[in-house]
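Visitor: Kindly generate the corresponding structure for this input.
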Amino acid sequence: MDRVWGSASIHRRRPRATSGAEDRKTLVHVGDAVAGLELANPSAVLANPLAADQVLALRGERRLVIGAQIGRGSLGVVFAARIEQTIHARPGRTDTMATPAAVKVIVPVFGRDPEAMAAVRKAVRCGALVRHPNVVEVNDFFVMNDVPCIVSELVWGMSLQSLLARYAAAKRRVPLDLALFVACEIAEGLCAARSARNLDGAMLNMAHHDLSPRQVLLGFSGEVKVKGFGMRVGGGVSSGVRRADTDVRRQISFMAPEVACGGRGDGRSDVFSLGVLMHEMLRGPRFRHDTSARDMLDFARHGVVHRSVTEPLLPSGVGAVLDRALEVDPRARYPHAGVLAYDLRREAFALGVGDGRAFLRTVLFEMSEGLGEPHDTERGSVPDV
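Guide: Below is the predicted model of the structure:
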């Protein structure tokens, strides 16, 4: 799902229009929870049941006011929205409290695929139980005319994919301190989903199954949030290969070997995907740009990660963490993201990298305002934006 712009009917100021796709400068990013969803029959599509200015009743005397359509992808459309709730401040007087939100409409036919619909419901229920600063919140879920709609948090900022594209265009790597901060925050989000508990207090042990830069949102306040937990219906790449070639290549690039071979994967698979993401930030893409999708899948099944003779030299501790995360054998990797987060945070502290939100705020501010190349956080002080 491409990054999108806000609606004038919901936000006071409409950001200036831009051109381009994945690497465009983005001021609003929809924090939807289903960008990685795969379907058994993606060609079958129902009509979109939502429209601008439509008002829907939610649980708890809340109203969902639909704004303009602000995004479209191969799996559905996204609307800006606001959640309104009447507040009884005093006898005889009421007020309205409004909260910005995003509504993702999944237009492929779920109503005709009970298994897929059940999987989506389960993933949404589990996702709603995760409340953590590094996870995009899922607020509500409803079905209209057999079409599932997910209400979630709206994150101002851009995706990690857009950030990587900007650095790649400038022929630069993400600075070490910024990359370590972002990776640590992602690991904390993965750990939060694993350790979240249901209403009975049982651990969810939830994995992501589709971690990639598109699933990581970077907010203007310096926050890092992961979205899309558990929303990949079906294992392996059997359903994914029917999508557009660009989507297939992007999905394969971050696959663990056991997932590329058709397995469901677990928390260790997420560790591998995070390792690939760290590799892309610190060393470069996993595969060469001229690699075909077929070759990429074959390489992914064998756990191949491209190494360049010109790649930067990493601190030994950081390199050791990265190498363990990228082990081909799942038993040799970190057992889950929580252990990886501990080791990575320890190495970051040893290098003097602590809270990197000020660095991230500066980088995103410069990108959004078109102030030239990404800020080099390793050169002197960084102003607080």
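Visitor: CA atoms of stretch 333-349 as CSV?
Guide: C-alpha atoms of stretch 333-349 as CSV (Å, rounded to 0.1, in the frame of the first residue of the first chain):
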residue,chain,number,x,y,z
ARG,A,333,19.4,-18.0,15.3
TYR,A,334,18.1,-16.0,18.2
PRO,A,335,15.1,-17.9,19.6
HIS,A,336,12.9,-14.8,19.4
ALA,A,337,13.2,-11.0,18.9
GLY,A,338,13.4,-10.3,22.6
VAL,A,339,16.8,-11.9,22.9
LEU,A,340,18.0,-10.1,19.7
ALA,A,341,16.7,-6.8,21.1
TYR,A,342,18.7,-7.3,24.3
ASP,A,343,22.0,-8.1,22.5
LEU,A,344,21.5,-5.3,19.9
ARG,A,345,20.6,-2.7,22.6
ARG,A,346,23.7,-3.7,24.6
GLU,A,347,25.9,-3.2,21.5
ALA,A,348,24.2,0.1,20.8
PHE,A,349,24.8,1.4,24.3
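Visitor: List the buried residues for that stretch?
Guide: Under the neighbour-count criterion of 16 or more other CB atoms under 10 Å, stretch 333-349 has 333-334, 336-341, 343-345, 347-348 buried. (Glycine included, C-beta is placed from N, CA and C.)
Visitor: Put together CSV for those, with secondary structure on each row.
Guide: Putting those into CSV (DSSP: H, G, I helix; E, B strand; the rest coil) gives the following:
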residue, secondary structure
Arg333, coil
Tyr334, coil
His336, coil
Ala337, helix
Gly338, helix
Val339, helix
Leu340, helix
Ala341, helix
Asp343, helix
Leu344, helix
Arg345, helix
Glu347, helix
Ala348, helix
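Visitor: from those residues, which single one is nearest Phe220?
Guide: Relative to Phe220, the closest of the buried residues of stretch 333-349 is Ala348; by CB to CB it sits at 22.4 Å.
Visitor: In terms of pLDDT, where does the nearest residue to that closest one once chain neighbours are set aside sit?
Guide: Among residues not flanking Ala348 along the chain, Leu180 sits closest, at 4.4 Å (CB to CB, 6 or more residues apart in numbering). In this model, Leu180 is scored at 96, pLDDT.
Visitor: and if you look at Gly262?
Guide: 89.
Visitor: same deal with Arg197?
Guide: So, for Arg197, pLDDT stands at 90.
Visitor: How many neighbouring residues does the closest residue in space to it that isn't next to it in sequence have?
Guide: Closest residue in space to Arg197, ignoring its immediate chain neighbours: Met203 at 5.6 Å, by CB to CB, 6+ apart. Close neighbours of Met203, defined as other CB atoms under 10 Å, add up to 10.
Visitor: contacting residues around Met203?
Guide: Applying CB atoms under 8 Å, 6 or more residues apart in numbering to Met203 gives the contacts Arg194, Ser195, Ala196, Arg197.
Visitor: Next one: it from Ala192, what distance?
Guide: 12 Å (CB to CB, to the nearest Å).
Visitor: Kindly report the same for Phe359.
Guide: Taking CB to CB, one finds Phe359 at 22 Å from Ala192.
Visitor: Tell me the spatial nearest neighbour of Gly303, not counting adjacent residues.
Guide: Gly303 sits nearest to Val328 (CB to CB, 6+ apart), 3.4 Å away.
Visitor: now do Arg283
Guide: Nearest to Arg283 is Glu311, by CB to CB, 6+ apart, at 4.4 Å.
Visitor: Is that neighbour in a helix, a strand, or coil?
Guide: Judged by three-state DSSP, the three-state class of Glu311 is coil.
Visitor: Surely it and Gly284 touch.
Guide: Yes - at 6.2 Å, Glu311 counts as touching Gly284 under the criterion of CB atoms under 8 Å.
Visitor: For those two, indicate the residue with more neighbours.
Guide: Between Glu311 and Gly284, Gly284 has the larger neighbour count (other CB under 10 Å), namely 18 against 13.
Visitor: can you tell me which residues contact the closest residue in space to Gly354 that isn't next to it in sequence?
Guide: Nearest residue to Gly354 in three dimensions, chain neighbours excluded: Ala348, at 7.5 Å (CB to CB, 6+ apart). Contact analysis of Ala348 by CB under 8 Å, 6+ apart lists Asp177, Leu180, Phe181, Cys184, Gly354.
Visitor: Distance of Ala348 relative to Val182?
Guide: 11 Å.
Visitor: Ok, Cys261 next?
Guide: Applying CB to CB to Cys261 and Val182 gives a distance of 29 Å.
Visitor: Comparing those two, which shows the higher neighbour count?
Guide: Neighbour totals were compared for Cys261 and Val182, and Val182 leads with 23 against 16 (other CB under 10 Å).
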